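K.L.:
fold the following, please.
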Amino acid sequence: MKYNFLVNIIRKVAYGILKCIFLIRVEGRENIPNAPYIICANHRSYLDPVLIILIFDERVYFMAKSELFKIWWLSPIIRAFGAFPVKRGKSDIGAIRKAIEVVRSNNILGIFPEGKRNRTNEIVLRGEKGVATVIKATGAKVLPVAICGKVRLFGKITVRIGKPLEFTNTDEDNQKIVDTIMQNIKELILKTNNKKKEK
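P.N.:
Model prediction:
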């Protein structure tokens, strides 16, 4: 689903502003499949969902922590861009059902499997199993996305889009599915680090 005219204008203006603040590079656009599919990305800053919304031309429906929807001025903005609430720290059946509905309606779902921002020195955190439930229920492809670089003035940020993953075995362990996704994201991040060493 495409964004409406007004939201699309806001996206383009916002992306132009961000490109003046950060050196943004996007790699792997050719790997983007036709909807429906699920974007799974690593999560290190508040800028991560914004980058994905601005980079992908079609609307991405994101799970966002429920606390954000209690902020009166922010709630209508993030809803306009396709966000829906999820309660962190426990199994939110309603959010899972909404995610399944999004994919079954031929849309794009965005998830950060880590469940929170990674503030550690680890490359990625262990992913949570909720995304595997959505994958099994919909049979959707998973698009691994790595967001690399530090969010600082004129800092270099690389968004690397990997090749789509398919999980056809519905008997496969949910944690194993998520671990495979996170491993793919980790390899995309390490690819950036290896390029830096070669220079």
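K.L.:
on the strand side of things, show who Leu109 bridges to.
P.N.:
For Leu109, the beta-bridge partners are Ile38, Tyr61 (DSSP bridges).
K.L.:
what's it in contact with, if anything?
P.N.:
36-39, 60-63, 99, 102-103, 134, 140 (Cβ atoms under 8 Å, 6 or more residues apart in numbering). Using the backbone N, CA and C atoms, a C-beta is placed for each residue, glycine as well.
K.L.:
between those, which is closest to Leu47?
P.N.:
Phe62 (13.3 Å; Cβ to Cβ).
K.L.:
that closest one: neighbouring residues, count only.
P.N.:
The number of residues packed near Phe62 is 23, by other Cβ atoms under 10 Å.
K.L.:
before we move on, back to that, now a ChimeraX select for only the buried ones of the contacts of Leu109.
P.N.:
Selection command for ChimeraX covering only the buried members of those, criterion 16 or more other Cβ atoms under 10 Å:
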select :36,37,38,39,60,61,62,63,99,102,103,134,140
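K.L.:
so among the contacts of Leu109, where is pLDDT lowest?
P.N.:
Across those, the smallest pLDDT goes to Met63, namely 86.
K.L.:
isn't that residue right up against Ala99?
P.N.:
Yes. With contact defined as Cβ atoms under 8 Å, Met63 counts as touching Ala99 (6.5 Å).
K.L.:
name the residues contacting each of the two.
P.N.:
In contact with both Met63 and Ala99: 109, 111, using Cβ under 8 Å, 6+ apart.
K.L.:
and the longest helix seen in the chain, what's buried?
P.N.:
The residue-count maximum for a helix in the chain (DSSP state H) belongs to helix 174-198. The neighbour-count check on helix 174-198 (16+ other Cβ under 10 Å) flags 174, 177-182, 184-186, 188-189, 192 as buried.
K.L.:
which elements pack onto it?
P.N.:
strand 37-41, helix 130-138, strand 141-148, strand 156-161 (3 or more Cβ pairs under 8 Å, 6 or more residues apart in numbering; DSSP states H and E).
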